[in-house]
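# What follows is a predicted protein model with its sequence.
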Amino acid sequence: MSSRLRQAAAVVAAAVLVPVAFVPVANASGNHGNHGNDGNDRPRAVGYYTQWSNYSGFLVKNVHTSGTARKLTHINYAFGNVSADGKCFEANLAGENGGDAWADYQRPYSAEESVDGKADVAGQRLNGNFNQLLKLKKKHPKLKTLISLGGWTWSTYFSDAALTAQSRRTFVASCIDLYLKGNLPTLDSAQGGPGSGYGVFDGIDLDWEWPSTPGEPGNIVRPEDKRNFTLLLAEFRKQLDAYGKKTHRHYLLTSFLAANPAQIDVDYEVPKIFKYMDFATIQGYDLHGTWEPTTNHQSALFLPDGDTSAGAFSVDLVVDAYRSRGAPRSKLVVGVPFYGQGWTGVPDVNHGLFQPATLCPVGCGSLNYRDIKALPGFTTYRDRDAGFAWRYNGSTFYTYDDPQVMRTKARYIERERLGGVMIWSLDGDTPDGELMSALHMALNPIAQR
């Protein structure tokens with residue numbers, strides 16, 4: 001059945017809105033094998049590890065101890081910044097012009113905190129998350145790591161960096177020098193120096209939010225960003241391949257793409273951009289959220305019956321939008337959230353779904369899956385036809401993905417022969433990695449690894 005026919009069937013069918021308990025679902029069978037040339041023999045599973053998660057106690061070590069590392073094919077490290085003069089850089093400065101070199105490669109780890117149980121020693125040239133990622137890769141040799149550039153906060157100067165042929169050459173060369181050649185600055189510590197970070201990263205992920213469309217207030221945005229994004233990818237591919245010939249390696253190039261179908265033609269030249277990328281991750285979350293006055297799903301697989309919002313989105317509609325513009329199935333990696341969006345002051349009608357809300361909960365509505373799961377006094381509801389779940393206690397509402405929803409999405413990825421799944425972000429899972437396990441078993445039903 002085509003995506004459009006499945007979507008129509010999902011809208012016509014009556015949604016099942018009943019309290020549920022967790023019930024295991026049979027795994028899908030088969031393996032689509034569309035894994036590109038990025039060195040994988042299974043569907044891609046890309047997880048974002050955030051620079052700042054170590055401050056809340058989620059260390060790179062936890063990616064290993066939870067069992068998640070062996071189920072991932074790629075880790076995107078978020079984020080690297082772009083300077084006002086259009087270069088990749090490391091610094092210890094706050095704000096949009098800042099960076100956290102301390103977390104990246106200066107912070108010493110104790111034996112208890114370290115992936116391999118060995119403490120960093122005085123004078124060591126590489127500490128921090130970068131060294132822990134290197135240790136993680138030694139334990140999991142098939143795991144690839146990419147530095148993700150930009151994000152919502154640090155996309156300010158992407159437009160300047162991509163503006164001219166010379167600015168693109170300068171920008172790309174600076175990123176390869178810093179992150180792939182590993183020429184980290186020494187700054188104010190013993191860490192860094194020529195080649196100190198070599199081997200940490202296997203490629204570069206561009207998270208420009210957004211070419212030609214405003215993202216965070218203050219971002220530089222130009223109409224020509226759309227074309228310049230394509231040219232920037234071409235320059236990255238050219239320089240990555242040239243460097244790869246010297247090192248006898250293939251360096252990965254990926255990008256994070258927007259979910260809004262109306263935004264695609266404004267921001268991207270599809271399918272031109274896919275010629276240069278190994279794959280792209282597409283946003284499958286934040287389709288709705290607490291910036292809106294009405295409760296809604298944030299990551300529904302299909303458009304649910306009863307959604308009358310002006311921006312009615314679903315994951316399947318986003319995939320269809322990219323496919324209809326020529327994006328190859330095998331290079332579309334679908335994003336899933338390990339967190340949820342929440343509202344409070346929600347009337348007890350329709351179990352809180354599609355209802356007006358008056359307040360945003362603590363943290364402005366964003367809460368990790370593990371915390372939503374543990375909320376006392378909440379009942380779980382789900383729309384099985386549309387593929388999403390929520391929790392509600394009579395006044396507070398959270399839209400989120402639980403293991404059952406993850407299995408449904410993994411089967412969809414397999415059925416549609418897409419390139420895999422991407423997670424934002426790994427620190428939202430339970431200590432034993434139950435969301436990651438649900439995805440992994442559904443995507444790899446034979447191996448059950």
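Received, thanks.
# model confidence over the longest strand along the chain, on average?
Secondary structure of the chain read by DSSP state E shows that its longest strand is strand 74-82. Regarding strand 74-82, the rounded mean pLDDT is 98.
# Packing partners of that strand?
Counting by 3 or more C-beta pairs under 8 Å, 6 or more residues apart in numbering; DSSP states H and E, the packing neighbours recorded for strand 74-82 are strand 44-50, strand 88-89, helix 128-139, strand 144-150, strand 203-207. No exception for glycine: its C-beta is placed from N, CA and C like everyone else's.
# do that again at 6 Å, thanks
Identification of packing neighbours for strand 74-82 by 3 or more C-beta pairs under 6 Å, 6 or more residues apart in numbering; DSSP states H and E yields strand 44-50, strand 144-150.
# what's next to the first one, contact-wise?
Defining contact as C-beta atoms under 6 Å, 6 or more residues apart in numbering, one finds that strand 44-50 is touched by 72-78, 333, 419-426.
# what's the helix or strand for Asn296?
Assessed by DSSP states H and E, Asn296 sits outside every helix and strand.
# Looks like it contacts His288 (just checking).
Yes. The criterion here is C-beta atoms under 6 Å, and Asn296 meets it with His288 at 3.7 Å.
# so where is this structure shaky, pLDDT-wise?
Within the chain, the ranges that satisfy pLDDT under 70 run 1-41, 361-364, 446-449.
# Name the single longest helix found in it.
Counting by DSSP state H, the longest helix found in the chain is helix 225-247.
# Mind listing what's buried along it?
Along helix 225-247, these residues count as buried under the neighbour rule (16 or more other C-beta atoms under 10 Å): 225-226, 228-237, 239-240, 243.
# In these, find the pair that's most separated.
Using C-beta to C-beta, the two most remote members of the buried residues of helix 225-247 are Lys226 and Tyr243, lying 26.9 Å apart.
# Nearest to Ala91, out of the helices and strands packed on strand 74-82?
Set against Ala91 and scored by C-beta to C-beta, the helices and strands packed on strand 74-82 come closest in strand 144-150, at 14.5 Å.
# can you map out the helices along the stretch 51-200 of the chain?
Using DSSP state H, counting those that start in this stretch, the helices of the stretch 51-200 of the chain run over residues 60-65, 101, 128-139, 158-161, 165-175.
# who wins for proximity to Thr254 among the ones you listed?
Nearest to Thr254, of all these, is helix 165-175, at 13.4 Å by C-beta to C-beta.
# by contact count, what packs against the closest one?
By 3+ C-beta pairs under 6 Å, 6+ apart, helix 165-175 packs against helix 225-247.
# quick one: contacts of stretch 59-77?
With contact meaning C-beta under 6 Å, 6+ apart, stretch 59-77 is reached by 40, 44-49, 113, 115, 129, 132-133, 136, 140, 144-148, 205, 426, 432-433, 436, 440.
# sorry, back to before: downstream of the longest helix of the chain, the next helix or strand is which one?
Proceeding N to C from helix 225-247, the next assigned helix or strand is strand 252-257, under DSSP H and E.
# Check which helices and strands that next one is in contact with.
On a contact count with 3+ C-beta pairs under 6 Å, 6+ apart, strand 252-257 meets strand 203-207, helix 225-247, strand 279-282.
# neighbouring strands for that strand, and are they parallel or not?
Strand 252-257 sits in its sheet next to strand 203-207 (parallel), strand 279-282 (parallel), going by DSSP bridges.
# Just give me how far that strand sits from the chain centre.
Here the centre of strand 252-257 is set off from its chain's centre by 10 Å, with C-alpha atoms, centre = their mean, to the nearest Å.
# List the buried residues for whichever helix or strand comes after that strand?
Note on strand 252-257: by DSSP H and E, the next helix or strand toward the C-terminus is helix 261-267. By 16+ other C-beta under 10 Å, the buried positions in helix 261-267 come out as 261, 263-264, 267.
# Could you do stretch 397-416 as well?
Buried-residue list, stretch 397-416, by 16+ other C-beta under 10 Å: 397-414, 416.
# Inside helices: which ones of those residues?
Of the positions in the buried residues of stretch 397-416, 403-414 sit in helices, assigned by DSSP H.
# and those residues as TSV, adding distance to Phe256?
TSV is the format used below for these (distance: C-beta to C-beta, whole Å):
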residue	distance to Phe256
Pro403	24
Gln404	26
Val405	21
Met406	20
Arg407	24
Thr408	23
Lys409	18
Ala410	20
Arg411	24
Tyr412	20
Ile413	17
Glu414	22
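# what's the closest of these to Asp100?
Closest to Asp100, out of all of these and judged by C-beta to C-beta, is Met406, at 30.3 Å.
# what about the nearest residue to the closest one once chain neighbours are set aside, which helix or strand?
Closest residue to Met406 apart from its sequence neighbours, by C-beta to C-beta, 6 or more residues apart in numbering: Ala438 at 4.2 Å. In the assignment (DSSP H and E), Ala438 maps to helix 434-443.
# Would you mind getting the angle between that helix and strand 44-50?
Angle between the axes of helix 434-443 and strand 44-50 is 170 degrees (criterion: axes from the mean of the first three to the mean of the last three C-alpha atoms, to 10 degrees).
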